[in-house]
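Visitor: have a look; sequence and predicted model below, questions after that.
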Amino acid sequence: MQITEIKKIGRGDRYSIFIDGVFDGTLEAEILVKHKLKTGDEIDEEQWRQIKLENGKLSAFSRAVGYIEKSLKTQKQLQTYLKEKGFLQESIDDAVQKLKEYGYIDDKVYAENYIKTYKDKKGKIKLKFDLLSKGVAADVIEEALQEFVDEDEQYAACEKLLKKYVKNKPQDVKLKSKAYAHLFSKGFSGDIISRAIGKVFSEVEDEDWN
């Protein structure tokens with residue numbers, strides 16, 4: 001096998017590699033320099049396979065870093081992203097493991113931050129559902145919920161959302177059931193919703209909700 005052409009891709013640091021006149025993948029500049037590859041070099045199949053595997057891990061890690069720079073991500077989100085970009089599972093696992101070791105991927109921290117951010121807008125049921133869908137383990141979620149969410153906070157959040165929901169709405173006999181459904185969709189428990197509705201609707205003067 002012979003490297004017959006090395007062609008720079010755009011303005012980045014990636015190069016197209018042609019083996020025996022046929023395109024056979026891309027390499028990062030760092031890998032190209034590390035292995036001192038140049039046009040005309042002879043390379044055996046196993047050596048080339050190892051170089052591409054090493055390149056895949058480097059490229060996957062680079063992509064992963066760029067992906068998590070904007071905001072925290074769960075392990076599942078990162079794995080899905082890299083898979084969609086076409087990386088091999090071995091390269092994905094390597095990138096995820098490195099980022100976990102560096103502390104950039106931590107589902108416990110993600111769950112805690114998510115809950116603290118949204119606990120005033122969502123009930124515990126919705127918070128748990130959202131985190132499960134993002135790949136966070138159930139036991140990690142439960143631990144975070146127990147630590148950062150209490151019943152009084154959930155009730156206060158539910159009541160606030162209820163007042164906002166009913167404000168300026170026609171006060172007909174259907175409003176109470178609509179309000180219940182709205183709050184239920186936000187993930188609040190039936191008990192908390194009923195308490196909030198009982199309090200808020202009782203404060204409306206001269207209205208018959210039966």
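Guide: Perfect, I can see it now. Keep in mind it's a predicted model, so treat the numbers as computed, not measured. Numbers count the residues shown, from 1 in each chain.

Visitor: and the helix ranked longest in the chain, what other elements does it pack with?
Guide: Criterion DSSP state H: the longest helix present in the chain is helix 45-69. Contact here means 3 or more C-beta pairs under 8 Å, 6 or more residues apart in numbering; DSSP states H and E; on that basis helix 45-69 packs against strand 22-28, helix 29-34, helix 75-84, helix 89-101. From N, CA and C alone the C-beta is placed, and that goes for glycine too.

Visitor: average pLDDT for it?
Guide: Mean pLDDT, helix 45-69: 89.

Visitor: repeat for stretch 151-167
Guide: The model assigns stretch 151-167 a mean pLDDT of 92.

Visitor: what lies in contact with it?
Guide: 119-124, 175, 179, 182-183, 186, 188-189, 192-193, 195-197, 199-201 (C-beta atoms under 8 Å, 6 or more residues apart in numbering).

Visitor: helices - which of these land there?
Guide: 124, 175, 179, 182-183, 192-193, 195-197, 199-201.

Visitor: could you list the low-pLDDT ranges of this structure?
Guide: Applying pLDDT under 70 to the chain flags residues 204-210.

Visitor: run the angle between the longest helix of the chain and helix 75-84 for me.
Guide: 130 degrees (axes from the mean of the first three to the mean of the last three C-alpha atoms, to 10 degrees).

Visitor: buried residues of helix 45-69, list them for me.
Guide: Buried residues in helix 45-69, counted by 16 or more other C-beta atoms under 10 Å: 48, 51-52, 54-61, 63-64, 67-68.

Visitor: try stretch 96-103
Guide: 96, 98-99.

Visitor: stretch 1-9 now?
Guide: Buried residues in stretch 1-9 (16+ other C-beta under 10 Å): 3, 6.

Visitor: using CSV, write out the CA atom coordinates for that stretch.
Guide: C-alpha atoms of stretch 1-9 as CSV (Å, rounded to 0.1, in the frame of the first residue of the first chain):
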residue,chain,number,x,y,z
MET,A,1,0.0,0.0,0.0
GLN,A,2,1.2,3.4,-0.9
ILE,A,3,0.1,6.9,0.1
THR,A,4,-0.4,8.5,-3.3
GLU,A,5,-1.9,11.8,-2.2
ILE,A,6,-2.4,14.0,0.9
LYS,A,7,-4.9,16.8,0.3
LYS,A,8,-5.8,19.5,2.7
ILE,A,9,-9.5,20.0,3.4
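
Visitor: what's the domain layout of this structure?
Guide: 3-100, 107-148, 151-202 (automatic domain parsing).

Visitor: which of those domains is buried the deepest?
Guide: By mean neighbour count, with neighbours taken as mean count of other C-beta atoms under 10 Å, domain 107-148 ranks first of those at a mean of 17.

Visitor: first residue to last residue on that one, what's the distance there?
Guide: 15 Å (C-alpha to C-alpha, to the nearest Å).

Visitor: what residues does the helix or strand containing Tyr110 touch?
Guide: For Tyr110, the element it lies in under DSSP states H and E is helix 107-118. Contacts to helix 107-118, defined as C-beta under 8 Å, 6+ apart, come from residues 72-75, 127, 130-131, 134-137, 140-141, 143-145, 147-149.

Visitor: hmm, try it at 7 Å
Guide: Contacts to helix 107-118, defined as C-beta atoms under 7 Å, 6 or more residues apart in numbering, come from residues 72, 74-75, 127, 131, 136-137, 140-141, 144-145, 148-149.
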